[in-house]
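> Give me a model of this one.
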Amino acid sequence: MSFPGKAVQHCWHLVDASSQTVGRIANIVAPILKGKHKPTYSPRADCGDTVVIVNAEKVQFTGKKWKDKLYRWHTGYPGGLKQRTATEMLQRKPKEILRKAILGMLHKNNLRHGYIEPRLKIYTGPDHPHKAQLPDGVQPIPKHTRTRTKDSHFGLNLYSDPNSNQKIFNEKKDP
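A predicted model of the protein is given here:
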């Protein structure tokens, strides 16, 4: 099934990263950037939404990852392998912690580099310059649930039809 480019609507989503685990945020945001929550999803088409993440400096890691997790990169010069712990990254570049986690969950192709990466907006504080798209009354996407329940749709169940038979089907399954 193919959909013309005009049929795809790009929405804006707000995510508050304060006191949330990095991997759980990435698990919520990566499918939204790809557009997997839409019925018009196609892996080769640009159908994802824009995600604005605020409070990136207040993210959490589980366990001993603050001192054990290493971020490595190479400068391109001989002996240029650099590394930083997660604590050092939070002090120097707090936005890069989330950016690396989210983009690490996406395929490395032209669609990611040209369309998906520019739609990821990360800010360290609670303020962002996208007030026209996301006014002050907009509620952020709910936090990731730690247990699997029937209500754990990560705030994306608003795209489902309220008159569908899915609600009736779920009620019949409960004892």
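> Tell me where the protein has helices.
Under the criterion DSSP state H, the chain carries helices at the ranges 22-34, 65-68, 86-92, 94-103, 110-111, 166-173.
> Please tell me how far the residue most central in space within the chain sits from G79.
Nearest residue to the geometric centre of the chain (C-alpha atoms, centre = their mean): V29, 1.6 Å. For V29, the distance to G79 equals 35 Å [C-beta to C-beta, to the nearest Å]. Just so you know, the C-beta spots here come from the backbone N, C-alpha and C atoms, and that holds for glycine as well.
> May I have the phi/psi pair for the residue lying closest to Y41 once chain neighbours are set aside?
Here the nearest residue to Y41 in space, its sequence neighbours aside, is G35; by C-beta to C-beta, 6 or more residues apart in numbering that works out to 5.1 Å. When quoted as degrees, to the nearest 10, the phi and psi of G35 stand at phi 90, psi 20.
> so what's G35 up against?
With contact taken as C-beta atoms under 8 Å, 6 or more residues apart in numbering, G35 is in contact with 8, 41, 45-49.
> ok, and the most crowded of those residues?
Neighbours here mean other C-beta atoms under 10 Å. Within the contacts of G35, the largest count is held by G48, at 26 neighbours.
> Show the pLDDT at the nearest residue to I25 once chain neighbours are set aside.
With sequence-adjacent residues excluded and distances taken as C-beta to C-beta, 6+ apart, I25 is closest to A17, at 5.6 Å. At A17, the pLDDT value in this model is 94.
> Same check on the one 4 residues further on?
Reported pLDDT at T21 in the predicted model: 94.
> E171 now?
The predicted structure scores E171 at 57 on the pLDDT scale.
> Use 43 as the first number for this chain going forward.
I'll keep to 43 as the first residue from here, and by that count the last item is E213.
> Now D88. Nearest residue, chain neighbours left out?
Counting by C-beta to C-beta, 6+ apart, the residue nearest D88 is Y157, at 4.5 Å.
> how near is that neighbour to M131?
When C-beta to C-beta is the yardstick, Y157 and M131 sit 26 Å from each other.
> again with H79
Computed with C-beta to C-beta, the distance linking H79 and M131 is 29 Å.
> and the closest residue to D169 other than its chain neighbours, how many residues sit next to it?
The spatial neighbour of D169 that comes closest, neighbours along the chain excluded (C-beta to C-beta, 6+ apart), is V96 at 7.4 Å. As a burial measure, V96 scores 22 neighbours (other C-beta under 10 Å).
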